[in-house]
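>>> Make a model of this:
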Amino acid sequence: MLRTLCLAALLSLAAGSALAQTAPANKAPAKVKKAKKTDPAAATPPTSTKTGEQGTTAAPAQADTTAAGSSTSAAPPAAAAAPTPAPRALDQDEFRRQVMEEVRRELQKMKDEVKQETAWVEQDSQARVQDSEAVDSLKQRVNLFQPHGYVRMRGEFFYNMRLSRGADPAGFQLFPGPFIGAGDNKSQSDVNFRFRFEPTLAVSEDLSIYFQADILDNILLGSSPATDAYLDPFTPISVLAARRGAGTVDVKRVWAKVNTQLGELVFGRMGYHWGLGVLHNDGNCLDCDFGDTYDRIAFSPREIKGHRFSLMFDLIAKGASTTGEKGELGRSVDLDTLDDGYRLGLEITHVDTPEEIKRKLDANQWVINYGVVGDYRTQPWDTVVPVNSGGSLRSQVVQRQGKFYQPDGFLSLKRKKWRFDLELAFNIGSVGTHQQTEFDPATVTAEVASLLTKPVNFFQVGGAMQTDVALLSADALLFGLEFGAASGDKGAYGFGARPWRNGSGAAQPVAPGQQPWNTAGRGDIDGGHLDFSSPNGGHARINNFMFNRSFNVDMILFRNLVTTVTSAWYLKPSIRYRPTGRKTGGGDDTGFEILFAAIYSQAWYPENTPGLAKSLGLEFNAGITYDTSDRLHAGLAYGLLLPFDGLRNTLPPLSPSVAHALRMILAIPF
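Residues are numbered from 1 along each chain as shown. Model (predicted):
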């Protein structure tokens, strides 16, 4: 660019110099002055110097000699008056036009070079960003120790979580609540704490070891006080305590990853997340309490036309094991393979990287991601009691013949400022026998023996859809809509989220030595759905799908009262506003964000609810969060549940009342 400017300046100077040099030549030729009129004598030809005569010309020879020897000034007047040829004068306008045309060409060339240099600068800037990201990625790969995780403190306040409806016919409440006093004692409060540590040990660029441990995992602050007997030997008072019991470290996951020329190999105890997290959810969000963990070995070959394949083999259960009589084996040894549970899974995905998604969205292109996973689970036998409880090992197992198929698929679409995500999952299978333990057929009637060994079938389906559209500058405003549904179990009472509860329904047949139990009855909040009390009737299926408990929908109903989405559907419109914008629109995801959502919930079948009605409630959630550039996250949320007839008490007849919840969270992810 500097070279071009210098060239233009030199051209201008050259043009000025040329104009200055050619200015006289451009003037019109001077006219020859006419001779003044004189007397005739003055006009007479001069006298010849050779002859002395006037009016006569010299001889030719003399003329030639004289012309050759005379000077120019001595030329005859006629010859001196003849015009001499002059160089062609340069037209000033034509020269100016040529110079300006040359300047114009140079200026256009300069503009083209400036555009090209600007493009080079932009490309260089993008290359620098990519190089920086590549360097960061490389640093992550070659950095020997990479600490990750978060520290979280979460406070909660609940009011009237039992909805003032009393206990169900089986004696259970909607929520564990106050037990001291009576009447208006409806409030509860607590604060819990967790430090999750997830470091990565990069042995080399191709070998990595991952680790997850929760230190003081959701420990209730104020719990485990170390008290002294301040009043008397039998009356300690905790309010004077200044010490705490020792905390624990819960090592949850340790796994390794190996990159080879053929693909990627992972093995160990690891988390697993799929799609939206409806069926498989690793629970790694800041506000999660659960999470799927599998003992797995898996292999993923190199991508084929943008698709990634992964074959997984999981050890679900190993049954009875031993370390020897006195631990002399030095490790745990599986006693039998027939009581083991396995999972074999195959997943196929097409998922773009965040960089590819950003590039496609910037180019106004569709982002289409999808995947399918198929699980097969089997367990021939089951160990139902501890091995060391006495008796023979054979008497402590029972034949199950359990087989389950879990197909699951997800679809994700993005275009400009619009997003659509969908997941649909199935759980299809059977259990050959539901008996508690092995029994002697001679100790029961043939009818009871037939009922105890009757199979149980499963057909469950659930899914969720999420969509939102971004508005305003930097995607500051998000309008969202979410729909989720989990199949119910027609003909069974209770939600089915707590099948271990002993309900108020019909007593179930048992063999001698087995634990008596009752199925969920009419008006029960929850309980088991199986009913083998009658050979001709009963309920030998479980069709209610249960969302993963780490898939949080609301603050009160599904999260705390039902404990998961099951036997129901919900519709959730929401709005989120972040004044500083979001990364998707050029913001930085820091500052304040305001959230508001309304959730309407309804059961598929009225018998699945304690109030024997489909409508469950309308819940409103509002909150505000604040994120700093150094990754401090703070949030405050409020929830209000307006319960409907599905949550009323039928015996005695009591209508539910409004419940409130307040949640505070402080976290530092790293």
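
>>> what are the phi and psi values for residue 162?
phi -90, psi 0 (degrees, to the nearest 10).

>>> in this protein, which spans are helices?
Assigned helices in the chain, in chain order: 2-21, 60-69, 77-81, 92-142, 354-362, 446-452 (criterion: DSSP state H).

>>> In terms of mean pLDDT, which of the ones you listed ranks lowest?
Confidence, taken as mean pLDDT, is least for helix 60-69 of the helices of the chain (a mean of 38).

>>> So which other helices or strands are in contact with the lengthiest strand in the chain?
Across the chain, the strand with the greatest residue count (assigned by DSSP state E) is strand 397-415. Packed against strand 397-415, as judged by 3 or more CB pairs under 8 Å, 6 or more residues apart in numbering; DSSP states H and E, are the following elements: helix 354-362, strand 367-383, strand 418-431. C-beta here means a position set from N, CA and C on the backbone, and glycine is covered the same way.

>>> of all the ones you listed, which lies closest to residue 607?
strand 418-431 (21.0 Å; CB to CB).

>>> which parts of stretch 99-109 are buried?
When burial is assessed from 16 or more other CB atoms under 10 Å, stretch 99-109 yields the following buried residues: residue 99.

>>> Send me that stretch as CSV with only the CA atoms.
Extracted as CSV, the C-alpha positions of stretch 99-109 are listed here (Å, rounded to 0.1, in the frame of the first residue of the first chain):
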residue,chain,number,x,y,z
VAL,A,99,-2.2,11.5,-16.9
MET,A,100,-5.6,11.4,-15.2
GLU,A,101,-6.3,8.0,-16.9
GLU,A,102,-3.0,6.7,-15.5
VAL,A,103,-3.8,8.0,-12.1
ARG,A,104,-7.2,6.5,-12.2
ARG,A,105,-5.8,3.1,-13.1
GLU,A,106,-3.3,3.4,-10.3
LEU,A,107,-6.0,4.3,-7.8
GLN,A,108,-8.2,1.4,-8.9
LYS,A,109,-5.2,-0.9,-8.5
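
>>> hang on, the earlier thing: and the helices and strands packed on strand 397-415 as TSV, adding distance to residue 155 and mean neighbour count?
Output for these, formatted as TSV (distance: least, CB to CB, whole Å; neighbours: other CB atoms under 10 Å):
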stretch	distance to residue 155	mean neighbour count
helix 354-362	33	13
strand 367-383	37	18
strand 418-431	31	18
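
>>> of the ones you listed, which approaches residue 247 most closely?
strand 367-383 (31.8 Å).

>>> count of residues packed around the closest residue to residue 201 other than its chain neighbours?
Spatially, and ignoring its direct neighbours in sequence, residue 201 is nearest to residue 209 (4.2 Å; CB to CB, 6 or more residues apart in numbering). Applying other CB atoms under 10 Å, we find 14 residues neighbouring residue 209.

>>> Relative to residue 292, how far out is residue 209?
The gap separating residue 209 from residue 292 is 20 Å, by CB to CB, to the nearest Å.

>>> about what we covered before: kindly state the beta-bridge partners for the residue nearest to residue 201.
Residue 209 has these beta-bridge partners by DSSP bridges: residue 201, residue 256.

>>> any idea how far it is from residue 282?
18 Å.

>>> could I get the helices and strands packed on strand 397-415 as JSON lines with distance to residue 99?
JSON lines is the format used below for the helices and strands packed on strand 397-415 (distance: least, CB to CB, whole Å):
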{"stretch": "helix 354-362", "distance to residue 99": "45"}
{"stretch": "strand 367-383", "distance to residue 99": "55"}
{"stretch": "strand 418-431", "distance to residue 99": "57"}
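
>>> Pick out the shakiest of these, pLDDT-wise.
Looking at the helices and strands packed on strand 397-415, the bottom one is helix 354-362 with a mean of 91.

>>> show me what contacts the most centrally placed residue in the chain?
The chain has residue 354 as the residue nearest its centroid, 8.5 Å off, counting by CA atoms, centre = their mean. If you count contacts by CB atoms under 8 Å, 6 or more residues apart in numbering, residue 354 has none.

>>> and the gap between it and residue 412?
Counting by CB to CB, the separation of residue 354 from residue 412 is 13 Å.

>>> Quick one: mean pLDDT over stretch 174-188.
Rounded mean pLDDT across stretch 174-188 is 84.

>>> Next, the distance between the ends of it.
14 Å (CA to CA, to the nearest Å).

>>> picking that back up, the longest strand of the chain pairs with which strands, parallel or anti?
In the sheet, strand 397-415 lines up with strand 367-383 (antiparallel), strand 418-431 (antiparallel) (DSSP bridges).

>>> Redo those as TSV? Include distance to residue 566.
Shown next, in TSV, are these (distance: least, CB to CB, whole Å):
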stretch	distance to residue 566
strand 367-383	19
strand 418-431	12
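
>>> picking up where we left off before, go through the helices and strands packed on strand 397-415 and name the closest to residue 174.
Using CB to CB, the helices and strands packed on strand 397-415 put strand 418-431 closest to residue 174, at 26.1 Å.

>>> Which residue, neighbours along the chain excluded, lies closest to residue 195?
Looking at residue 195 with CB to CB, 6+ apart, the closest residue is residue 215, at 4.3 Å.
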